[in-house]
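Colleague: coordinates only, no sequence provided:
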């Protein structure tokens, strides 16, 4: 009865996901609050107090906070080097959070804690060597080796989305480079490739019909058209699979992972995405590395971040 709860927090640009989680990774409760850039830490502290009151518990019930935030993190100090969408530069998130909540805290990058969540309670299924790739508006990721996140020398380890997928002539990326994996494997990148493919072809196409009906292109429309054997959609998905499979094979050759977990909105395409990615992966991976790696779709969805936050609270505090 004296077991302490872990607080998992996943900071997003629109909402802050929060949860109380027990030591076995089971939810006590979970909820969301809006992200107000001016008052993030104070809002989190208030939300914790309100939820404790609702549950008729005191702060003594909480072991500490594990939080994921966008941008590279100094793991020793909990400083966020930069989070462009939040207007943070060299922001001391850990110390501010501990001051407002009165609880010990540990901070990591949001993609890293999602990877840890999948490792602990999701598709990783306990694997200690895994690559987690999130295909959403952008491409995020976390690399875990022997159960530990690869952070690198200044917090930028695991930036899978910014592997150069197209060395020459690629599209500009928000990071300032061109040809990043994010520009071809994100939902935004897939949509851009599809629009270009329709411009380059006069062929009748289910994808063209969907585009004209909706007035915009989405990655879901590409996979919907693929399900109807649309040739242009197939060409687009083959392009995406080539670049993603190539990038993941090169990453895997360095890590020798047991699991490669694909998450984010694009992953809802399931085997329609995984099958061509696997084929390209096999072309480029060192055979023994390929024999050890299994592809799987992420299982935790929006819960991955708070569960990963609970994991770092459990293991690092």
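Modeller: The structure has been received and is ready for your questions. Not measured: the values here are computed from a predicted model.

Colleague: any idea how far stretch 140-151 is from the middle of the chain?
Modeller: Taking CA atoms, centre = their mean, to the nearest Å, one finds the center of stretch 140-151 at 12 Å from the center of the full chain.

Colleague: for that stretch, list every residue counted as buried.
Modeller: 140-145, 149-151 (16 or more other CB atoms under 10 Å). Any C-beta I mention is one placed from the backbone N, CA and C, and that applies to glycine too.

Colleague: quick check, nearest of the residues you listed to residue 130?
Modeller: residue 144 (5.1 Å; CB to CB).

Colleague: mind putting the buried residues of stretch 140-151 into CSV with pLDDT, distance to residue 72 and secondary structure?
Modeller: Shown next, in CSV, are these (pLDDT from 0 to 100; distance: CB to CB, whole Å; DSSP: H, G, I helix; E, B strand; the rest coil):
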residue, pLDDT, distance to residue 72, secondary structure
140, 90, 12, strand
141, 91, 13, strand
142, 95, 13, strand
143, 97, 14, strand
144, 97, 17, strand
145, 96, 18, strand
149, 95, 12, strand
150, 95, 13, coil
151, 93, 9, coil
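
Colleague: max pairwise distance over those: which two?
Modeller: 140 and 145 (17.7 Å).

Colleague: the helix of greatest length in the chain packs against which elements?
Modeller: Ranked by residue count under DSSP state H, the longest helix found in the chain is helix 231-255. For helix 231-255, the packing partners by 3 or more CB pairs under 8 Å, 6 or more residues apart in numbering; DSSP states H and E come out as strand 130-135, strand 139-145, helix 182-185, helix 187-199, helix 206-214, helix 219-227, helix 271-284, helix 287-292.

Colleague: of those, which is nearest residue 313?
Modeller: strand 139-145 (16.8 Å).

Colleague: contacts for that closest one, please.
Modeller: 109-116, 119, 124, 128-134, 149-150, 157-161, 180-182, 185-186, 189, 251, 255, 264 (CB atoms under 8 Å, 6 or more residues apart in numbering).

Colleague: now do the same contact list for residue 125.
Modeller: Here residue 125 is in contact with residue 259 (CB under 8 Å, 6+ apart).

Colleague: walk me through the domains of this protein.
Modeller: 5-117+303-316, 126-299 (automatic domain parsing).
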